[in-house]
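# following is a predicted model, sequence given first.
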Amino acid sequence: MSDLPPENPNLTLTSSLHHSYSRKQKSLGLLCTNFLALYNRHGIETIGLDDAASKLGVERRRIYDIVNVLESVGVLTKRAKNQYTWKGFSAIPAALKELQEEGAKDTFHRFYTNENVKVSDDEDDEEVSSSQPLSSCQTDTSKPGSLPQSSDPSKIDNRREKSLGLLTQNFIKLFVCSEARIISLDEAAKLLLGDAHNTSIMRTKVRRLYDIANVLSSMNLIEKTHSLDSRKPAFKWLGYNGEPTFTLSSDLMQAESKKRVFGTDLTNVSVKRSRTHENATERRIKMKQHAIADSSYNQSSDDAHESRGYEFGPFAPAAGGTYPAARLEDNSKRAFDVENLVSDYRPSYQNQVLKDLFAHYMDAWKSWYSELTQNNPLPDTSKRH
DNA sequence: CGATCCCGCCAGGAT
DNA sequence: ATCCTGGCGGGATCG
């Protein structure tokens, strides 16, 4: 008697598309949603990685992915080995603010500097060599004996240098430190790694970007879209608009309790890959959570005009003068002072990245504007009656 | 097909 | 050494 349970534990969901392995049900984003549904409630204070892994029915590796990006946004902080402290969504505004200040101050430094892009800029093809210092940014707490006495500061942690967490923060800075509302995938990749040549590196980075985007999406900080050309995929910054509604699927709950009883209270849930295995992972659930599609805090501009890879918010960039400060959604939901700070701050696009971004803005804006004035005064919401 | 991105090997680091 | 972390990229899926 085979102990293999039917391959379809869940009752008929929407259109039972048969068995078959489905990636969507195991996506990082979904996992993240479940993770949040599980821990985003009061009473939660500490989160154990093992606990999370077993409750969600996944290997630890996946938990690391989620936790790393959540930590980048302040929702979590590492407390000790194997355990994190839950901070909640309310910690997001502050984290964003910090990223914003950080990014503005240091302007990202030189990691992704040269590698130039078009735009007027010398240094056409520089080698830039490979070793890039990039000492870990601040943000970290005091470290005993700052600066490792190692005779190799530039390689102590190239690890951190390529970490998911750092990549996440830089990705977010792209939005928070500029007027960009939408950034295409490849532009983001290019800007972030500064290694546009070398398909291999790029590919890997893009994979990571997808990972990040998935969890950020599940938190509704961003949304996946694509450029107007509908050619290139892109990400739209939504900012923090309150906590999305996480619905913990009943499936998970069931699975969870079941699993608990089953034993495996701690440590590994390794079942060993075995291809047809479907261990606990099958218990993943899928929920809709399509809510928060977007309220109507959007001004008139909505998200219609996009260009190559960038898009600005509701305001139009003033021609070579003062730029309205970037502001997050100004929905008067709660009083977050992110805006406050930002509105007083003037973006100093003195670095490559921002400069490049602005160049794109202008270009994009110009074409958009001309198009707008030429065609319709306002696309508006013309509903076919 | 190309865009997405899951899976888990395995290298470094902490204990 | 054992266990925790988490880069990394092969290759399966999706659109």
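Now that the structure is in, tell me what you want to look at.
# as a whole number, average confidence for stretch A:64-76?
Across stretch A:64-76, the average pLDDT comes to 95.
# over to stretch A:212-219?
pLDDT averaged over stretch A:212-219 gives 95.
# kindly report the same for stretch A:82-96.
Rounded mean pLDDT across stretch A:82-96 is 93.
# could you list the buried residues of it?
A:84, A:86, A:87, A:88, A:89, A:92, A:93, A:95, A:96 (16 or more other CB atoms under 10 Å). Glycine gets a C-beta too; all of them are placed from N, C-alpha and C.
# of those residues, which belong to strands?
A:84, A:86 (DSSP state E).
# and the buried residues of stretch A:82-96 as a markdown table, adding distance to DNA strand B?
A markdown table is the format used below for the buried residues of stretch A:82-96 (distance: CB to the nearest atom of the strand, whole Å):
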| residue | distance to DNA strand B |
| --- | --- |
| A:84 | 14 |
| A:86 | 20 |
| A:87 | 21 |
| A:88 | 24 |
| A:89 | 22 |
| A:92 | 22 |
| A:93 | 26 |
| A:95 | 23 |
| A:96 | 23 |
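# could you save the buried residues of stretch A:82-96 as CSV and add columns showing distance to residue A:70?
Below are those laid out as CSV (distance: CB to CB, whole Å):
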residue, distance to residue A:70
A:84, 8
A:86, 9
A:87, 9
A:88, 10
A:89, 10
A:92, 10
A:93, 15
A:95, 10
A:96, 13
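# which secondary element of chain A has the worst mean pLDDT?
Ranking every helix and strand in chain A by mean pLDDT, DSSP states H and E puts helix A:338-344 at the bottom, with a mean of 34.
# so for residue A:274, what's the pLDDT?
You'll see residue A:274 listed with a pLDDT of 38.
# SS state for the residue of the stretch 51-200 of chain A found nearest DNA strand B?
In the stretch 51-200 of chain A, the residue that lies nearest DNA strand B is residue A:61 (4.2 Å; CB to the nearest atom of the strand). Using DSSP: H, G, I helix; E, B strand; the rest coil, the secondary structure recorded for residue A:61 is helix.
# kindly provide the distance from it to residue A:35.
According to CB to CB, to the nearest Å, residue A:61 and residue A:35 sit 14 Å apart.
# which one of those two has more residues nearby?
Taking other CB atoms under 10 Å, residue A:61 and residue A:35 do not tie; residue A:35 has more neighbours (26 against 8).
# can you list the residues of the stretch 51-200 of chain A near DNA strand C?
Residues of the stretch 51-200 of chain A lying near DNA strand C by CB under 7 Å from any atom of the strand: A:60-61, A:64, A:67-68, A:81-83, A:159-160, A:162-165, A:200.
# switch to 10 Å and redo it
Those residues of the stretch 51-200 of chain A that sit near DNA strand C, judged by CB under 10 Å from any atom of the strand, are A:53, A:59-65, A:67-68, A:71, A:78-84, A:157-168, A:193, A:200.
# give me the buried entries from the residues you listed.
Buried residues within those, counting neighbours by 16+ other CB under 10 Å: A:53, A:59-60, A:62-63, A:65, A:67-68, A:71, A:84, A:161, A:163-168, A:193.
# sitting in helices, which of those do you find?
Counted as lying in helices by DSSP state H, out of those, are A:53, A:60, A:62-63, A:65, A:67-68, A:71, A:161, A:164-168, A:193.
# of the buried residues of stretch A:82-96, just say which sits nearest to DNA strand C.
Each of the buried residues of stretch A:82-96 was scored against DNA strand C by CB to the nearest atom of the strand, and residue A:84 proved nearest at 8.3 Å.
# can you pull the contacts of that closest one?
By CB atoms under 8 Å, 6 or more residues apart in numbering, the contact list for residue A:84 reads A:46, A:47, A:49, A:67, A:71, A:76, A:77, A:78.
# change it to 10 Å
Going by CB atoms under 10 Å, 6 or more residues apart in numbering, residue A:84 touches A:39, A:46-49, A:52, A:63, A:67, A:70-71, A:75-78.
# tell me the two of those residues that are most distant?
Spatially, the most separated pair among the contacts of residue A:84 is A:48 and A:75, at 16.1 Å (CB to CB).
# which one of these two has more residues nearby?
In this comparison of residue A:48 against residue A:75, neighbours counted by other CB under 10 Å, the higher total goes to residue A:75 at 23 against 15.
# thinking the more buried one is in contact with residue A:89, fair?
Yes. Between residue A:75 and residue A:89 a contact is recorded at 6.4 Å, counting by CB atoms under 10 Å.
# so what's in contact with those two at the same time?
A:36, A:40, A:219.
# those in helices, which ones?
residue A:36.
# which of the shared contacts of residue A:75 and residue A:89 are buried? Put it as a ChimeraX command.
Restricted to buried positions by 16+ other CB under 10 Å, the ChimeraX selection for the shared contacts of residue A:75 and residue A:89 reads:
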select /A:36,40,219
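# given the host helix or strand of residue A:225, what are its sheet partners and their directions?
Here residue A:225, judged by DSSP states H and E, is contained in strand A:222-226. Strand A:222-226 has the following strand partners under DSSP bridges: strand A:233-237 (antiparallel).
# show me where the stretch 51-200 of chain A has its strands.
Remark: strands assigned in the stretch 51-200 of chain A by DSSP state E, counting those that start in this stretch are A:76-80, A:83-86, A:180-184.
# what pairs with the second one, and is each one parallel or antiparallel?
Spelled out, that is strand A:83-86. As defined by DSSP bridges, the strand partners of strand A:83-86 come to strand A:46-48 (antiparallel), strand A:76-80 (antiparallel).
# again, but for the last one
Sheet pairing of strand A:180-184 (DSSP bridges) gives strand A:233-237 (antiparallel), strand A:310-312 (antiparallel).
# appreciated, that's everything.
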